[in-house]
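> Fold the following for me, if possible:
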Amino acid sequence: MGTSLKAVAARRRVMRMVTAVIVTFAVCWLPSHISFLIEAYASVTYMEHRRMEMVGFQIGATCLAYINSCLNPVIYTFLSENFSPPTLLLVSGSTYIPTIMLYT
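Okay, the predicted model is just below:
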């Protein structure tokens with residue numbers, strides 16, 4: 001019975017991590033897709049009057065899309081059980097290195 005509880009807990013952790021990656025991807029890439037849709041379907045007069053705003057929005061959307069690539073390792077690090085202990089020690093500024101980490 002203990003094994004099945006561990007399996008359920010592991011499955012929940014994986015689902016939480018996958019959900020976080022998917023939500024982060026959607027949030028980071030949505031502005032870029034909106035920018036593409038506006039540029040594709042907006043009238044020429046609208047684009048001429050709002051050109052500076054669109055350029056600013058496109059730059060921000062592109063930066064946010066690139067940030068998604070930076071956030072994925074952070075998500076994997078903090079939501080994965082394999083990475084958490086060393087990372088938490090690093091983030092906390094601790095100089096203590098457990099001996100079990102030295103041999104694994």
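> What number of residues are in the vicinity of the nearest residue to residue 24 once chain neighbours are set aside?
Counting by C-beta to C-beta, 6 or more residues apart in numbering, residue 24 lies nearest to residue 71, which is 5.3 Å off, once chain neighbours are set aside. (Each C-beta comes from the backbone N, C-alpha and C, glycine too.) By the criterion of other C-beta atoms under 10 Å, residue 71 has 15 neighbours.
> Phi first, then psi, for residue 71.
Backbone torsions of residue 71, given as degrees, to the nearest 10, read phi -80, psi -30.
> Against residue 54, how distant is it?
25 Å (C-beta to C-beta, to the nearest Å).
> do residue 16 as well
Taking C-beta to C-beta, one finds residue 16 at 37 Å from residue 54.
> Identify each buried residue in the lengthiest helix in the chain, please.
The single longest helix within the chain, with elements called by DSSP state H, is helix 2-41. Within helix 2-41, the residues scored as buried using 16 or more other C-beta atoms under 10 Å are 17, 20, 21, 24, 28, 31, 32, 35.
> outside of the helix or strand just after it, which residues touch it?
Sequence-wise, the next helix or strand downstream of helix 2-41 (DSSP states H and E) is helix 44-49. For helix 44-49, contacts defined as C-beta atoms under 8 Å, 6 or more residues apart in numbering pick out 39, 54.
> Now with 7 Å, please.
residue 54 (C-beta atoms under 7 Å, 6 or more residues apart in numbering).
> looking at this structure, which helix or strand does the model trust least?
Least confident element among the helices and strands of the chain, by mean pLDDT, DSSP states H and E: helix 99-102 (a mean of 53).
> Local confidence estimate at the residue of the chain most remote from its centre?
Most distant from the centre of the chain: residue 45, at 36.4 Å, with distances by C-alpha atoms, centre = their mean. Here, the pLDDT recorded for residue 45 equals 80.
> for the one 3 residues further on, same thing?
The pLDDT attached to residue 48 in the predicted structure is 81.
> Likewise for residue 32?
pLDDT, read off for residue 32, is 95.
> ok, and the closest non-adjacent residue to it?
Residue 32 sits nearest to residue 61 (C-beta to C-beta, 6+ apart), 4.2 Å away.
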